[in-house]
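Chemist: pasted the sequence and its predicted model underneath.
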Amino acid sequence: MTQQGDRSEHVPRGPATPLPATALAAAFGVLPVGVAVIASDGRVLVMNEALGAMCGLGPGESGPTRAGELIEILDIRAVDGTALPDGQSPIEIASAGGRLEEAPMIARAVGSAEAMPVACAVTPIDDGDGWAGAVMTVRERQATTADRADLEESQAALQVLVADRERVQSEERRRIARDLHDDLQQSLAALNMRLGMAEDALEHDPEEARQWLEESQRDVIEAAGATRRIIDDLRPQGLYHRALVSALHDLVHGFTERTGVACDFAALPAGMPEPPEEVADCIYRIAQESLTNIAKHAEATSVHMRLERTAAGAMHFTVADDGRGLDVPTARYSPRSYGLLGMSERVRALNGEMRVTGSPGQGTTVEADIPLGAAAGGPA
């Protein structure tokens, strides 16, 4: 016989009624941890005030309604400040119904200079019929010794890059001074002397004066040629008076002829307008450095290069190879990685973002996103 106190165990239960979003928001609102509930269709069902504060929102201010909007206002990165690979952001993992054990990262509101150390986790939600969404938590944490070491290592690498850039610039200044002296100044000095000789001979021997003037004309041509050479040295090879797409086509063709490695290039949409000069310069230099690295180290058999103008008003540039692959964390801080650091600094100076992904045996991909409204004034 069933005891009175046990009767509740045998009462059939009906299907659970989902808690409304307002109830969930009230429950999560008191938590000091940032919480977002993201549905399988990408809607942000709940975002508590703690997460809103991390996004730079004030109390009661409405937050984003879509996961994509949340990504645009909350920048979550690896502890060393580099961008996470595509699909590895906690917000993207939550949108895809993935799982993430609590992992150290840094986060900041887009447009804010301050970044806070955080720990992020994602837990998928199964409503009985399959994946329905996920809960993402973002908890503030104390910066660890490893975080500080990563940041210090990154800063040290940047200091080496700056020092190396100063050395190169100093050498370039000395070389340009030599060129000005050896080529241009000597040509102008010879021109001045011959014009003087022509002036002296003009009254008593017009034929001699004519000869001096002819030689002076040759000096002018030599001086103009020296000036062009110096100007060309100060411009990135291949871009002077040329469109970016045309220059990239020639760069790819020359790379294949020189190395024998198949390399294709596509620009989308066809006939895209020329980007601003500083953006074109940056993209061309990334292409140069990437192809140089591939030729030296990758042992690749094929390379794919793409340039796209996005609907969001940015240039998306990709160089991917099928070579040995790059151990990205090691390469990022290698004393020999001035090229990677230089490319990254150029892109950041234009308010853009660069990502390098790869692994040993799986090839390497370099991607850069540069807004077309980027301010000028990046590194030369």
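Modeler: Received it, and whenever you're ready, just let me know what you need.

Chemist: quick one: contacts for residue 306?
Modeler: With contact taken as C-beta atoms under 8 Å, 6 or more residues apart in numbering, residue 306 is in contact with 265-268, 316-318. Any C-beta I mention is one placed from the backbone N, CA and C, and that applies to glycine too.

Chemist: that one bridge partners, please.
Modeler: Beta bridges link residue 306 to residue 266, residue 318, judged by DSSP bridges.

Chemist: residue 38 now?
Modeler: Bridge pairing for residue 38 (DSSP bridges) gives the partners residue 44, residue 134.

Chemist: pretty sure it sits against residue 133.
Modeler: Yes: counting by C-beta atoms under 8 Å, residue 133 is a contact partner of residue 38 at 5.6 Å.

Chemist: which residues are common contacts for those two?
Modeler: 45, 94.

Chemist: where do the strands sit along the stretch 251-380 of the chain?
Modeler: If DSSP state E, counting those that start in this stretch is used as the criterion, the strands of the stretch 251-380 of the chain fall at 262-268, 302-309, 314-321, 353-358, 364-371.

Chemist: so what touches the helix or strand residue 118 falls within?
Modeler: In the assignment (DSSP states H and E), residue 118 maps to strand 116-126. With C-beta under 8 Å, 6+ apart as the test, strand 116-126 has contacts from 34, 37, 54, 76, 79, 90, 93-94, 97-108, 131-144, 147.

Chemist: residue 57 contacts residue 70, correct?
Modeler: No: assessed by C-beta under 8 Å, residue 57 is found out of contact with residue 70, at 11.0 Å.

Chemist: tell me who's in contact with residue 361.
Modeler: By C-beta under 8 Å, 6+ apart, the residues touching residue 361 are 324-325.

Chemist: my bad, should have said residue 317
Modeler: Residue 317 neighbours (C-beta under 8 Å, 6+ apart): 283, 286-287, 305-308, 367-370.

Chemist: and for residue 256?
Modeler: So residue 256 contacts 262-263 (C-beta under 8 Å, 6+ apart).

Chemist: quickly list the domain ranges of this protein.
Modeler: 18-143, 148-234, 244-371 (automatic domain parsing).

Chemist: where does pLDDT dip in the stretch 251-380 of the chain?
Modeler: Low-confidence segments of the stretch 251-380 of the chain (pLDDT under 70): 327-338, 374-380.

Chemist: quick one: which of residue 57 and residue 70 has more around it?
Modeler: More neighbours surround residue 70 than the other of residue 57 and residue 70, with 24 against 18 (other C-beta atoms under 10 Å).

Chemist: isn't that one right up against residue 90?
Modeler: No: the criterion here is C-beta under 8 Å, and residue 70 misses it with residue 90 at 10.1 Å.

Chemist: buried set for the strand or helix carrying residue 209?
Modeler: Element membership for residue 209 (DSSP H and E) is helix 206-234. For helix 206-234, burial by neighbour count (16 or more other C-beta atoms under 10 Å) applies to 209, 212-213, 215-216, 219, 222-223, 226.

Chemist: need the contact list for residue 190.
Modeler: residue 219.

Chemist: so for it, what's the pLDDT?
Modeler: With respect to pLDDT, residue 190 scores 80.

Chemist: am I right that it sits in a helix?
Modeler: Yes: residue state for residue 190 (DSSP: H, G, I helix; E, B strand; the rest coil) corresponds to a helix.

Chemist: that one and residue 226, how far apart?
Modeler: 12 Å (C-beta to C-beta, to the nearest Å).

Chemist: same question, residue 60
Modeler: Distance check for residue 60 against residue 226: by C-beta to C-beta, it reads 68 Å.

Chemist: please apply the same query to residue 303.
Modeler: 37 Å.

Chemist: got it, and residue 89?
Modeler: Distance, residue 89 to residue 226, by C-beta to C-beta: 53 Å.

Chemist: contacts for the helix or strand hosting residue 94?
Modeler: Using DSSP H and E, residue 94 falls within helix 90-95. Contacts of helix 90-95 with the rest of the structure, by C-beta under 8 Å, 6+ apart, involve 36, 38, 42, 67, 70-71, 74, 76, 86-87, 99-100, 103, 105, 120-122, 133-136, 138.
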